[in-house]
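Q: Here is a sequence with its predicted model. Questions after.
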Amino acid sequence: MIIRSRDLALSIAAVAAIAVIVPAGGAQNPISTPSSTVPPETRDTFHHRVLWMQNPSTEAVLSWSTPVAGEKHRILYDTETRGGAVADYTKQSSTFKDGPFTIVDKDAGFSAPAFYHHAHLTGLSPNTTYYVAFASDDVISREFNFKTAPGEDIEFTVLAGGDSRIGTETPYLHNDRRKMNERMAQLFASDPTIIALVHGGDYCMTAQWRHIAPWLADHELTTTPEGRLLPIVPTRGNHDRAIGFEEMFAWPDLKTPYYYTTQLSPKVGLVTLNTEISVAGDQRQWLADTLPVLRAANRWITAIYHRPSYSSVRDVQDGAGRRNNWVGLFEENNVDLVYESHDHALKRTLPIRSHAPDLKNGIVYIGDGGLGVPQRTPDTTRWWLQPPGFAKSAHHVHTIHYGKEAIHVKAHGMDGEILNDFVVKPHEVVASK
């Protein structure tokens, strides 16, 4: 049996997952080490992560990578720490999906091949810490832990952000993403109410292995020193169209193409939409059917998707499809807050209803993607960005605290500064269209 330390596991992730040869012309801070030099001792698990999609109080997908295919992959888990001792864990779950990360011609020479593994844990207890070890054949990771979502109506917080990709096609050491991951790790470690990262899409420049590998390695920076894993609630963005996105974030028997609801607590519902397929048709009908059910059961409803309805940078018409197909449904069902990404700036709109300012009963849209992607200059003359709305160029992540009386939203900058701070109160009852 081989049990490895966290430091070794992280170094393995850095070497085995992001080995790069600098191409002609180079890139700033290139990642270097040809894949052929990956040593035999890197037969380990890496890229450890937790995925939430539907009922995170009772189920989760745990995923990891290995440099070889292996034969037997499983999660060992318990509600008490077992220190990685295989025989002591009371439960285990085999993987439901394993395979090689897809390699395309452009990946050649950048990243050593690796294999993904996904295990679905069900029947979990709400608001409970589970201690887990990732097991591939005779190789066992260090012990990690994660906490399930609350099963009672209690206050909690999520991190929310999008656009963690690099700005060019050639992979390089992404210092801004790493800094933002470190910022999220600090928030996660210091605030016990934080339960997950709700990611608005565009993880990598492409959903191809040369870009996925360093993203997965960088994501491990969000793990606390005590081994607590930050669950991800994923959204598909325009840079996430390739098959690698589905190899990163696999869920068994997914009924829809990455639009779904997540019951974060008994009174907080999250709707994740997919801007990379038709926003009309089946998806709009699903949203029309889903929102009234969520509204009747929840105190708070938040929607998240990638391309914005109320852009901070791009042409106004770019958001017309989302405004025409989704925004009216948000308003009919009094969605409390909407999170958008894609534009690479920090924004908060003034409250909007019927495509006009409504400071008393409108919906606030926040975003627009600052988890490391190079930032753009927003157009602050747009009516929806006037006070109390605003926009600026700044890397950021939001904390969204769901309380009993209000939602408290803060935008945190890369260096820890608070860039915006406001509350959302419940809507007054308004007539549906």
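A: Thanks, I have it.

Q: what kind of secondary structure is Gln95 in?
A: One thing to correct before we go on: residue 95 is Thr, not Gln. What DSSP: H, G, I helix; E, B strand; the rest coil gives for Thr95 is strand.

Q: before we move on, what about Val429?
A: Using three-state DSSP, the structure places Val429 in coil.

Q: That one and Arg314: what is the separation?
A: To Arg314, Val429 is 34 Å away according to C-beta to C-beta, to the nearest Å. From N, CA and C alone the C-beta is placed, and that goes for glycine too.

Q: and these two? which has more neighbours close in?
A: Arg314 (17 against 7; other C-beta atoms under 10 Å).

Q: The more buried one touches Asp343, doesn't it?
A: Yes - applying C-beta atoms under 8 Å, one finds Arg314 in contact with Asp343, separated by 5.9 Å.

Q: what's the overlap in contacts for these two?
A: Here Arg314 and Asp343 share the contacting residues Pro308, scored by C-beta atoms under 8 Å, 6 or more residues apart in numbering.

Q: what ranges do the strands span in the stretch 301-433 of the chain?
A: Under the criterion DSSP state E, counting those that start in this stretch, strands of the stretch 301-433 of the chain are mapped to 337-339, 346-348, 352-353, 356-357, 364-367, 390-392, 396-402, 407-413, 418-424.

Q: in the last one, what's buried?
A: When burial is assessed from 16 or more other C-beta atoms under 10 Å, strand 418-424 yields the following buried residues: 419-420, 424.

Q: which outside residues touch it?
A: Residues outside strand 418-424 that contact it (C-beta under 8 Å, 6+ apart): 336-337, 346, 348, 364, 388, 390, 392, 394, 396, 406-413.

Q: Would you write a PyMOL line that selects the buried entries of the residues you listed?
A: In PyMOL, this line selects whichever of the contacts of strand 418-424 come out buried by 16+ other C-beta under 10 Å:
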select buried, resi 336+337+346+348+364+390+392+394+396+407+408+409+410+411+412+413
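
Q: Could you tell me how many residues sit around Tyr77?
A: Tyr77 sits with 24 neighbouring residues when counted by other C-beta under 10 Å.

Q: Over to Pro252?
A: If you count neighbours by other C-beta under 10 Å, Pro252 ends up with 13.

Q: ok, so what distance separates it from Lys97?
A: For Pro252, the distance to Lys97 - C-beta to C-beta - is 8 Å.

Q: Check Leu230 too.
A: 22 Å.

Q: More neighbours: the two, which one.
A: Shown here are Leu230 and Lys97; by other C-beta under 10 Å, Leu230 has more neighbours (24 against 17).

Q: what about the helices in the chain?
A: Assignment of helices within the chain using DSSP state H yields the ranges 6-17, 175-190, 209-219, 244-248, 281-297, 320-322, 328-332.

Q: what's the most buried one of those?
A: Ranked by mean neighbour count under mean count of other C-beta atoms under 10 Å, these are led by helix 209-219, which reaches a mean of 26.

Q: Quick check: closest non-adjacent residue to Met154.
A: Small correction: residue 154 is Ile, not Met. Ser265 (6.8 Å; C-beta to C-beta, 6 or more residues apart in numbering).

Q: The one you found against Asp153, yeah?
A: Yes - in this structure Ser265 lies within contact range of Asp153 using C-beta under 8 Å: 6.5 Å.

Q: Pick out whichever of these two has more residues nearby.
A: A direct count of neighbours by other C-beta under 10 Å for Ser265 and Asp153 places Ser265 higher, at 23 against 11.

Q: Return the distance of that one relative to Thr148.
A: Distance from Ser265 to Thr148, by C-beta to C-beta: 11 Å.

Q: what does Arg284 give?
A: For Arg284, the distance to Thr148 - C-beta to C-beta - is 32 Å.
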